[in-house]
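Next comes the sequence, and after it the predicted model I'd like to discuss.
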There are 2 protein chains.
Amino acid sequence: MKYCSSCGSLVARKKPAGDSRDRWVCDNCNTTHYQNPNIVVGCVPVQEQKILLCRRAIEPRSGFWTVPAGFLELGETIAEGAARETLEEACAMVRVGRLFASVDVVDAGQVHLFFTGELIGGFGVGEETLETALFAESEIPWDEIAFRSGRFALRKYLEDAGRNNGVHLHELRRNRQSND
Amino acid sequence: MKYCSSCGSLVARKKPAGDSRDRWVCDNCNTTHYQNPNIVVGCVPVQEQKILLCRRAIEPRSGFWTVPAGFLELGETIAEGAARETLEEACAMVRVGRLFASVDVVDAGQVHLFFTGELIGGFGVGEETLETALFAESEIPWDEIAFRSGRFALRKYLEDAGRNNGVHLHELRRNRQSND
């Protein structure tokens, strides 16, 4: 950030009165520009105990498999966002179920929230997807899963085996090795 | 948003290629400025079955009671954010427990995430707080609770009565009447 999005003046990094952190502040129009983490919402769409995965057609991780997920938009609930992403990426309708995993992707400034999902009808291939397919547990291509957050969600989904064990929390940081 | 925060040029509202929504786009430096919901994190801090509430010293809802909660910051996990807010507002340390409530405050562009919390030691009065106090279930000032999301969290916390029932989802919109 270099310019104030309200008035176009140069912004400066400083601590506003009463704040404990440096922010981007405009001295011309006195606007403080907060920057906060974003939410990614996704789901694990299931049909007859098989999980629908999408092979990504775009970067990052093009060619790798993922559960449907993407940035939450203004004007929708987290469950609506998870359903919309599934529709966009896999042309599939889902009945969104429980929120069962939350992954802090701290260095990216993101929180990834994952729901269970029940596929309603068929599926296809969205614009950002190369192919979609249903996988039984033993068929999941663990070495070709695009993101660690999605891999965590898949693993916890299978461990839960339909039980409501609440939300599995997980933290990912770029500079830490992880078995996820 | 009126000016590009990267180059200072005027931005325009338009649909970027491959996108399904209008965004703020800078034609000069080709930056798309996404706007997405923010995360509020809070917790229900408990000591000997009493709940710690804070009476707000600031707007909105100054003078009303709330569970400790506030905007998630970059660089922290959602659990760390809930603990930090409790420290800032109630000068209290908590052992953060389960994520048990998620409230979509759609028209505000916010998602509120609530954890259980176990108070460790004492508490005090933070800068944005008038007073803090412990309340037994029968003592909670339901008519003086600041926000509907916090009221939902308190109610579900008490209904759960220590059981892990997963995450209670709730949606709040400005133009809908609600009993929460």
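The structure has been received and is ready for your questions.

Which strands and helices lie in contact with the strand ranked longest in chain A?
In chain A, assigned by DSSP state E, the strand with the most residues is strand A:93-105. Contact here means 3 or more CB pairs under 8 Å, 6 or more residues apart in numbering or on different chains; DSSP states H and E; on that basis strand A:93-105 packs against strand A:38-47, helix A:78-90, strand A:110-120, helix A:148-160, strand A:168-172, helix B:78-90. Where C-beta positions appear, they are placed from N, C-alpha and C, glycine not excepted.

just for chain A, where's the confidence low?
In the predicted model of chain A, residues A:175-180 satisfy pLDDT under 70.

Let me see the domain layout of it.
For chain A, automatic domain parsing gives the domain ranges A:1-35, A:38-172.

which one in chain A is furthest away from the centre?
residue A:28 (36.5 Å; CA atoms, centre = their mean).

Pull up the gap between that one and chain B, please.
11 Å (CB to the nearest CB, to the nearest Å).

residues contacting residue A:14?
By CB atoms under 8 Å, 6 or more residues apart in numbering or on different chains, the residues touching residue A:14 are A:22, A:23, A:25.

On the strand side of things, show who it bridges to.
Here residue A:14 sits in beta bridges with residue A:23, as judged by DSSP bridges.

One more: residue A:145?
Beta-bridge pairing for residue A:145 (DSSP bridges): residue A:65.

Name the residue closest to the centre of chain A, please.
Short answer for chain A (CA atoms, centre = their mean): residue A:40, at 2.9 Å.

Give me the distance between that residue and residue A:107.
Taking CB to CB, to the nearest Å as the measure, residue A:40 falls 14 Å from residue A:107.

do residue A:59 as well
18 Å.

The two: which is more packed in?
residue A:107 (13 against 7; other CB atoms under 10 Å in any protein chain shown).

Based on its surroundings, how many neighbours for the nearest residue to the more buried one once chain neighbours are set aside?
Spatial nearest neighbour of residue A:107, excluding adjacent residues (CB to CB, 6 or more residues apart in numbering or on different chains): residue A:174 at 4.5 Å. Neighbour count of residue A:174, defined by other CB under 10 Å: 8.

related to what we said a few turns ago, can you put the helices and strands packed on strand A:93-105 in TSV and add distance to residue B:156?
Listed next are the helices and strands packed on strand A:93-105 as TSV, based on distance: least, CB to CB, whole Å:
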stretch	distance to residue B:156
strand A:38-47	21
helix A:78-90	16
strand A:110-120	18
helix A:148-160	21
strand A:168-172	18
helix B:78-90	16
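
Can you tell me which of those is nearest to residue B:51?
Residue B:51 lies closest, by CB to CB, to one member of those: helix B:78-90, at 11.2 Å.

gap between the nearest residue to residue A:151 once chain neighbours are set aside and chain B?
Of all residues not flanking residue A:151 in the chain, residue A:145 sits nearest, at 4.6 Å (CB to CB, 6+ apart). Remark: distance between residue A:145 and chain B (CB to the nearest CB) = 22 Å.

okay, now residue A:145: neighbour count?
22.

Check the one 5 residues further on too.
Other residues lying near residue A:150 total 26 when counted by other CB under 10 Å.

Please apply the same query to the one 3 residues further on.
Per other CB under 10 Å, the neighbour tally for residue A:153 reads 29.

so what's residue A:36 up against?
A:109, B:38, B:39, B:71, B:72, B:73, B:74.

and the gap between the second one and chain A?
As defined by CB to the nearest CB, residue B:38 lies at a distance of 5 Å from chain A.

Go ahead and confirm that residue touches residue B:73.
No - under the criterion of CB atoms under 8 Å, residue B:38 makes no contact with residue B:73, lying 10.6 Å away.

then the longest strand of chain A to PDB, C-alphas only?
Extracted in PDB, the C-alpha atoms of strand A:93-105 (Å, rounded to 0.1, in the frame of the first residue of the first chain):
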ATOM      1  CA  MET A  93     -24.700 -28.700  -6.000                       C
ATOM      2  CA  VAL A  94     -24.000 -29.600  -2.400                       C
ATOM      3  CA  ARG A  95     -26.000 -29.700   0.700                       C
ATOM      4  CA  VAL A  96     -23.500 -28.100   3.100                       C
ATOM      5  CA  GLY A  97     -23.200 -29.800   6.500                       C
ATOM      6  CA  ARG A  98     -21.000 -29.200   9.500                       C
ATOM      7  CA  LEU A  99     -18.000 -26.900   9.900                       C
ATOM      8  CA  PHE A 100     -15.400 -29.400  10.900                       C
ATOM      9  CA  ALA A 101     -12.000 -27.900  10.200                       C
ATOM     10  CA  SER A 102     -10.300 -24.500  10.500                       C
ATOM     11  CA  VAL A 103      -6.800 -24.000   9.400                       C
ATOM     12  CA  ASP A 104      -4.800 -20.800  10.100                       C
ATOM     13  CA  VAL A 105      -2.500 -20.200   7.200                       C
END
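
now the angle from that strand to strand B:110-120?
50 degrees (axes from the mean of the first three to the mean of the last three CA atoms, to 10 degrees).

Parallel or antiparallel, which strands does strand A:93-105 pair with?
strand A:110-120 (antiparallel), strand A:168-172 (parallel).

okay, those, which one's buried deepest?
Using mean count of other CB atoms under 10 Å in any protein chain shown, the stretch among the strands paired with strand A:93-105 with the greatest mean number of neighbours is strand A:110-120 (a mean of 23).

near chain B, anything from the helix or strand following that one?
Moving toward the C-terminus from strand A:110-120, the next helix or strand (DSSP states H and E) is strand A:129-135. No - Strand A:129-135 lies apart from chain B when judged by CB under 8 Å from any CB of the partner chain; the minimum separation is 13.0 Å.
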